[in-house]
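Participant: Sequence first, then the predicted structure, then my questions.
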Amino acid sequence: MKLAFSKGLNYIYLGAGFFRSAVADLFFLRPALIGFASALLLNIVTWLFTIALTRSIGSDIAILHYNVIFGIDKVGEGVSLYALPLAALEIFVINFVVAALIAGKKNALLIYILAAGSFLASAIILSALYFIYLVNFS
């Protein structure tokens, strides 16, 4: 039992070292670094905007989705808005981990696509929150 536990800890330690070196390799690609940093910054802005929006809505019912054809089609509590920045954060983390894992293989184009996808997802979610703000307060 002790040997299996020790082997498990050793695999975790070696895996963490591999991941640290993969992230270090990822940061040598300047466009990927700029893309992921800007996506992270945009994600932070999205979280701050969501916090401000839910505080301004308070405990009232918020309009969560508006469609031009059908009108208001989803209404709920303002706390439900936290699902949007959480989805952007999940996309960022998944794209960053995948990019770090393939960084050692020097597949730069795929890494750039993942960084741009993270930035684009955060930008789309921030614009969706802005339109939710417009629908709720206009």
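Facilitator: Received it, and whenever you're ready, just let me know what you need.
Participant: CA atoms for contacts and neighbours, from now on please.
Facilitator: Will do.
Participant: So what does Glu77 look like in phi/psi?
Facilitator: When read as degrees, to the nearest 10, the backbone of Glu77 gives phi -80, psi 150.
Participant: And it, what's its pLDDT?
Facilitator: According to the prediction, Glu77 has pLDDT 85.
Participant: can you tell me how far it sits from Arg55?
Facilitator: Noted for Glu77: a distance of 12 Å to Arg55, by C-alpha to C-alpha, to the nearest Å.
Participant: As a check, name the ranges of all helices in this structure.
Facilitator: Assigned by DSSP state H, the chain shows helices spanning 2-26, 30-57, 83-102, 108-136.
Participant: hmm, back to that, quick one, which of Glu77 and Arg55 is more surrounded?
Facilitator: Glu77 (15 against 12; other C-alpha atoms under 10 Å).
Participant: My read is that the more buried one contacts Ile61, right?
Facilitator: Yes - taking contacts as C-alpha atoms under 8 Å, Glu77 lies within contact range of Ile61: 5.0 Å.
Participant: residues contacting the closest residue in space to His65 that isn't next to it in sequence?
Facilitator: With C-alpha to C-alpha, 6 or more residues apart in numbering as the criterion, His65 has its nearest non-adjacent residue at 5.0 Å, and that residue is Lys74. By C-alpha atoms under 8 Å, 6 or more residues apart in numbering, the residues touching Lys74 are 63-66.
Participant: please redo it, this time with the cut-off set to 10 Å
Facilitator: 62-67 (C-alpha atoms under 10 Å, 6 or more residues apart in numbering).
Participant: next one: Ala62
Facilitator: Ala62 neighbours (C-alpha under 10 Å, 6+ apart): 54, 74-81, 132-133, 135-137.
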